[in-house]
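Q: sequence first, predicted model second:
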Amino acid sequence: MINIKRVTILVLFFVLITGCSNETISTDSTDSNILIIEKGEVKTYEDILTVEDIEEDIDGDEKKEHIKLSISPAPKPDPENEGQYLWDDSQVWQLVVEDEGDFYTLFDDHVQGLAELYIANEGQNQNAIIFQTKGTTLSLLQYKHNQDGYFEKKVVYNEGTILHRSTIK
């Protein structure tokens, strides 16, 4: 009799946990899905490779901001394939925007795989930085400058482990 009660309680516990573990990410801009990134110090790394170093007007003030994407440790060039790199299991990818001497670190984290940077026009002189990480997981992040002097980071997509990815390019 005691074993049946324990099993029943255990089953109910697992049902409760499983039912409560499904979270949904709202894409509504009024919710907590937006993180504020203010100006500040930029972490420096010794061994880096700068993969993007561009200028684009992100905040709509008709002055171009400096956008830099770097990787540390720097991957080594592949001696057998020109233009290709030999990657470690994980590198730190750092995305920084400089605006008139102010620095905003938008992304500074390990990525197991690769990442891509896009600048997208959002209309009305508003551009956004889109940052996609892909490897063992897939995420799509959007960064927009707010008129109050900070960047807003919106997680557009960031879900579980990738099980299959098309190799057609």
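A: Yep, that arrived. Residues are numbered from 1 along each chain as shown.

Q: residues in contact with the closest residue in space to Glu38 that isn't next to it in sequence?
A: Distances taken as CB to CB, 6 or more residues apart in numbering place Tyr150 nearest to Glu38, at 4.8 Å, with adjacent residues excluded. For every residue, glycine as well, the C-beta is placed using N, CA and C. Applying CB atoms under 8 Å, 6 or more residues apart in numbering to Tyr150 gives the contacts 36-39, 104.

Q: same check, this time on Leu140
A: Each residue near Leu140 by CB under 8 Å, 6+ apart is listed here: 130-132, 155-158.

Q: out of those, give me the one that has the most neighbours.
A: Neighbour counts for the contacts of Leu140 peak at Phe131, which has 21 neighbours (criterion: other CB atoms under 10 Å).

Q: circling back to that earlier point, out of the contacts of Leu140, which is nearest to Lys144?
A: Using CB to CB, Ile130 comes nearest to Lys144 of the contacts of Leu140, at 10.1 Å.

Q: on the strand side of things, show who the closest one bridges to.
A: Counting by DSSP bridges, Ile130 forms beta bridges with Tyr118, Gln142.

Q: in this structure, where's the longest strand?
A: Ranked by residue count, the top strand of the chain under DSSP state E comes out as strand 150-161.

Q: hey, C-alpha coordinates of that one in CSV?
A: Below are the C-alpha coordinates for strand 150-161, written out as CSV (Å, rounded to 0.1, in the frame of the first residue of the first chain):
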residue,chain,number,x,y,z
TYR,A,150,20.9,52.5,-25.1
PHE,A,151,20.5,49.4,-27.3
GLU,A,152,17.6,47.0,-26.9
LYS,A,153,18.4,43.3,-27.4
LYS,A,154,15.5,41.2,-28.5
VAL,A,155,15.8,37.4,-28.6
VAL,A,156,13.9,36.5,-31.8
TYR,A,157,14.7,32.8,-31.6
ASN,A,158,16.8,30.8,-29.2
GLU,A,159,15.6,27.2,-28.7
GLY,A,160,17.0,23.7,-28.2
THR,A,161,19.8,21.7,-29.8
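
Q: that one: partners in the sheet, and parallel or antiparallel?
A: strand 34-37 (antiparallel), strand 137-146 (antiparallel).

Q: okay, which residue is most central for this structure?
A: Centroid check for the chain by CA atoms, centre = their mean gives Leu141 as the closest residue, at 4.9 Å.

Q: please tell me how far the closest residue to Lys134 other than its chain neighbours sits from Gln124.
A: Ranked by CB to CB, 6+ apart and with sequence neighbours excluded, the top spatial neighbour of Lys134 is Gly113, at 5.4 Å. In this view, Gly113 and Gln124 are 34 Å apart by CB to CB, to the nearest Å.
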